[in-house]
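Make a model of this:
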Amino acid sequence: MNTDWMKVFIAALFEVFWVIGLKYADGFWTWTGTVISIIISFYVLIMAGRKLPVGTVYAVFVGLGTAGTVISEIILFGEPFKMSKILLILLLLVGVTGLKLLTKDNVQEGADS
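Numbers count the residues shown, from 1 in each chain. Okay, here's the model as predicted:
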């Protein structure tokens, strides 16, 4: 895996942090952590989008963030475990993986658009 795709995974991890933060933040430090997570998430996502196809990057980012958020809610916050929810997340991850596998990583050097 190259560093640009690693940036997408890092951005998705921070997306999970800020989405959970939006729901559970209730004080200065939790809101500060949420805002910092938003900034890091989008900064790293933008950096990845400079070298990789933006549509695929965004789809992978949102898919991983969604899966991570749902799984975190179940594990950390006692959301009900539903097999249908897990199966749909797996279907989402299969689609995201398929997009990543079908996307060429070689973007022309020096392209400024």
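
wait, doesn't Thr69 sit right on Val16?
Yes: assessed by Cβ atoms under 8 Å, Thr69 is found in contact with Val16 at 5.1 Å. All C-beta atoms are positioned from the backbone trio N, CA, C, and that covers glycine.

Show me what the least confident helix or strand in the chain by mean pLDDT is packed up against.
Lowest by mean pLDDT, DSSP states H and E among the helices and strands of the chain is helix 83-102, with a mean of 86. Judged by 3 or more Cβ pairs under 8 Å, 6 or more residues apart in numbering; DSSP states H and E, helix 83-102 is in contact with helix 54-77.

And the helix it packs on, how far out from the chain middle?
Here helix 54-77 is found 5 Å from its chain centre; the criterion is Cα atoms, centre = their mean, to the nearest Å.

That helix vs helix 83-102, what angle?
With axes from the mean of the first three to the mean of the last three Cα atoms, to 10 degrees applied, the angle from helix 54-77 to helix 83-102 works out at 150 degrees.

Using CSV, write out every CA atom in helix 54-77.
Extracted as CSV, the C-alpha positions of helix 54-77 are listed here (Å, rounded to 0.1, in the frame of the first residue of the first chain):
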residue,chain,number,x,y,z
VAL,A,54,-10.8,12.3,-5.8
GLY,A,55,-14.0,10.4,-6.3
THR,A,56,-12.5,7.1,-5.3
VAL,A,57,-10.7,8.7,-2.3
TYR,A,58,-13.9,10.2,-1.1
ALA,A,59,-15.8,7.0,-1.5
VAL,A,60,-13.2,5.0,0.4
PHE,A,61,-13.0,7.7,3.1
VAL,A,62,-16.7,7.8,3.7
GLY,A,63,-17.1,4.0,3.6
LEU,A,64,-14.3,3.3,6.1
GLY,A,65,-15.5,6.2,8.3
THR,A,66,-19.0,4.8,8.3
ALA,A,67,-17.9,1.3,9.1
GLY,A,68,-15.5,2.5,11.8
THR,A,69,-18.2,4.7,13.4
VAL,A,70,-20.8,1.9,13.5
ILE,A,71,-18.4,-0.6,14.9
SER,A,72,-17.1,1.9,17.5
GLU,A,73,-20.7,2.7,18.5
ILE,A,74,-21.4,-1.0,19.1
ILE,A,75,-18.1,-1.8,20.9
LEU,A,76,-17.6,1.4,22.9
PHE,A,77,-21.1,2.8,23.5
